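Peer 1: below are the sequence and a predicted model; questions follow.
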Amino acid sequence: MPCGEYFTSYEGRMGLLRWRIQRVAFLLALPIPLLAPFVLSGSLVSTVTLIFIFVVAVLGLHVMLSYAGEIVLAQGAFMAIGAYTTARMVNELGAGMIPSMLVAGLLTGLIAAIFGLPAWRVKGFYIAISTLALQFIAVQFFFTREEFAPIHGGTQQSMPQEIGLVGDFLAIESALQQYFFALGVMAVFVILTMNLSRTGIGRMFRALHENDLSAEVLGINRFRNKLLAYAIGGFMVGVAGSLYAMYIGFIDPGFYGIDITLLHYVMLLLGGMGRVWGVILGVGSVELLQHYLLDFLTDTFPDATALEPFVFGIILIFVLILEPKGLMAALGQVKEYLRKWPYAY
Amino acid sequence: MSGPGTASPKPAGLRKGPATPPEEAALGCRSVTRTFGAVTAVDDVSIGIDDGEWVSIVGPNGAGKTTLLNVLNGFYDPDAGGEIYLGGEDVTDDPSYKRARKGLGRTFQGLELFEEEDVLENVMTIRAVKNRPNVLSAMLFYGVGGRDIEAENMRRVEEILDYLELWEYRHSTIGALPLGIQRRVDLARSLALEPDVLLLDEAMSGLTFDEKYDMVRFLADLHEKEGLTMAMIEHDLEVVTDVSERMIVLNQGAVIARGEPEDVVEDPEVQQIYTGVD
């Protein structure tokens, strides 16, 4: 950190942008996402919008896994619950995106907490099975059956072309408006997650992750905090599901399979667990890599676009062998090198 | 401490029950038994630790000391019929986290620190238990009290770290610290709860002479200046007799002697279990 800059208050030490260089970098970077959609191609704007949505979803996973140490295998189910709830709220009640998102988040958070109840007795892979059960029950049983249409509204549903923010007020109709709406929601959840991390609740989650027995003996209610982590994480993933429904404009159970859960794990691990910036970096890297890789294969080997998952997998393995702690750790090493430069110590 | 061969006749009262009834003690238990299958780790133990008292619990390996501590703080439940009292309140049915919030702190023989975090975060984590925000104020941070609570927590934690001379290690991760410093962090973490009673499970185990000296200095200060009630498991009888006001000796899960250290160490049965010589 820069020499000669000192904190004179505890509040200053807890700031999100503590150092002058961070504040300058933030101000310089701020216009980039605001101006990007006016410069980038339509397909890239669409990819970046998806990045914003998946950042919210992976932040939910980050709270449950990186903070509370709970392996959750129901990202697809959580997103599906958020998406179907939003579709019903928007199509049948005309509620608009913001109320629909909130209800979708609350319902998903509640269901996530219910499926986290086995945390009372078990942990680790055993509780992961409980969330995997939710994935199968929700996506492969509940949302695929028309018999449950009175509850979920139909296995396949279309979203309206125009969705108001609240009711019909301020309609989101273009890709550009979707971009800015998703950016705003992502920014809110990034700040909320950073706040969670630097306060007592986040610390208690991490303590339970690291040593749940000593944490409980020293006053942390293990069961309550595990359920809280599920509820907060589930809320975030549900909101992401809501945004995803708006983005795709159509919902189908096939969008929410176990593969989306695995993709979110790849994003989290590639970025580096434990840091919000790692989530952003991981999601951004994976989505942009997929985007450009597909473009490259389409242009260079038009008959071999099916190789995209294969090449993508090879690149991921290569990156994780080079830096098992993810891209944030690699960036940390670069930062440390530059800090000491031109000396090696 | 007296040398070998100076054993005097057994002082009266060493086999009596607790001087203070558990209900009136800062921390006490009555008729506590804890069995694991066919093994009785704690056998019908009743103790009462007075407010502001420093008691040492000693005994050979496997005597049931740590199990007794674990029962007192709720990590284990006592077998049917046992009762635990904290500040006069029956806490037998309270889980361990509730007992901690009611003022029962402890350190661990195996440290059990949060290894991935630095010293400051370790202590801040447990401080959050004392003065914790709700979810909404935590996530909003500004304007609903989250920030003020965190600043106040940090101020108090810095005081504790200063007191235990840990300031230079604030941002060191636990794994990078020597054992003596880790034991101090363990103590700092339990002090962040501002406990009324502190249980110390071999807080000086594995320490060098200088590190033990420092630890005793901190504990003696806490006891004398803050009036902290302490129950300490310790193998070093020299430390025990120097610092504690009362001593409880366990053997095979049962209390075999209790009283002032000078009297207890003279007890032939205590000497026999420590030296193996009749």
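Peer 2: Thanks, I have the structure now.
Peer 1: okay, now whichever residue of the stretch 1-150 of chain B sits closest to chain A: neighbour count?
Peer 2: Closest to chain A within the stretch 1-150 of chain B is B:A128: 2.8 Å, counting by Cβ to the nearest Cβ. C-beta coordinates here come from the backbone N, C-alpha and C atoms, glycine included. A count of nearby residues for B:A128, using other Cβ atoms under 10 Å in any protein chain shown, gives 25.
Peer 1: so who does the closest residue in space to it that isn't next to it in sequence touch?
Peer 2: For B:A128, ignoring the flanking residues on the chain, the nearest one in space by Cβ to Cβ, 6 or more residues apart in numbering or on different chains is A:G200 at 2.8 Å. Contacts for A:G200 were tallied using Cβ atoms under 8 Å, 6 or more residues apart in numbering or on different chains; they are B:124-125, B:127-129, B:131-133, B:138, B:149-150, B:153.
Peer 1: again, but for A:Y10
Peer 2: In this structure, A:Y10 makes contact with B:150-151, B:154-155, B:158, judged by Cβ under 8 Å, 6+ apart.
Peer 1: tell me the two of those residues that are most distant?
Peer 2: Greatest spatial distance among the contacts of A:Y10 (Cβ to Cβ): B:E150 and B:E158, at 12.5 Å.
Peer 1: who has more neighbours, the two?
Peer 2: Counted by other Cβ under 10 Å, B:E150 and B:E158 do not tie: B:E150 has more neighbours, with 27 against 18.
Peer 1: that one should be in a helix, yeah?
Peer 2: Yes. Membership of B:E150 in a helix is supported by DSSP: H, G, I helix; E, B strand; the rest coil.
Peer 1: and it, what pLDDT?
Peer 2: In this model, B:E150 is scored at 88, pLDDT.
Peer 1: name the SS class of the closest residue to A:R222 other than its chain neighbours, please.
Peer 2: Counting by Cβ to Cβ, 6+ apart, A:E216 is the residue found nearest to A:R222 once chain neighbours are left out, at 4.8 Å. When states are read from three-state DSSP, the local structure at A:E216 comes out as helix.
Peer 1: A:E216 reaches B:R99, doesn't it?
Peer 2: No. Look at A:E216 against B:R99 with Cβ atoms under 8 Å: they stay out of range, at 10.3 Å.
Peer 1: tell me which residue of the stretch 151-300 of chain A lies closest to chain B.
Peer 2: Counting by Cβ to the nearest Cβ, the stretch 151-300 of chain A gets nearest to chain B through A:G200 (2.8 Å).
Peer 1: the spatially closest residue to A:E173 that is not a sequence neighbour - how many residues pack around it?
Peer 2: In space, not counting the residues next to it along the chain, A:E173 is nearest to A:E162; the distance is 4.4 Å by Cβ to Cβ, 6+ apart. Applying other Cβ under 10 Å, we find 11 residues neighbouring A:E162.
Peer 1: ramachandran coordinates for A:E162?
Peer 2: Geometry field for A:E162 lists phi and psi as phi -120, psi 130, criterion degrees, to the nearest 10.
Peer 1: look up how far A:V239 lies from it.
Peer 2: For A:E162, the distance to A:V239 equals 20 Å [Cβ to Cβ, to the nearest Å].
Peer 1: how about the residues of the stretch 1-150 of chain B near chain A?
Peer 2: B:73-75, B:95-97, B:100-101, B:105-106, B:108, B:112-117, B:121, B:124-133, B:135, B:137-141, B:146-147, B:149-150 (Cβ under 8 Å from any Cβ of the partner chain).
Peer 1: buried subset of these as a ChimeraX selection?
Peer 2: Provided next is the ChimeraX selection string for whichever of the residues of the stretch 1-150 of chain B next to chain A are buried by 16 or more other Cβ atoms under 10 Å in any protein chain shown:
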select /B:73,74,75,95,96,97,100,101,105,106,108,112,113,114,117,121,124,125,126,127,128,129,130,132,133,137,138,139,140,141,146,147,149,150
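Peer 1: could you list the buried residues of stretch A:322-337?
Peer 2: A:323, A:326-329, A:331.
Peer 1: and which of those residues is nearest to chain B?
Peer 2: A:A329 (13.3 Å).
Peer 1: any chance you could map the helices in the stretch 51-200 of chain B?
Peer 2: Counting by DSSP state H, counting those that start in this stretch, residue ranges of the helices within the stretch 51-200 of chain B are B:65-72, B:96-101, B:119-130, B:135-140, B:146-163, B:179-191.
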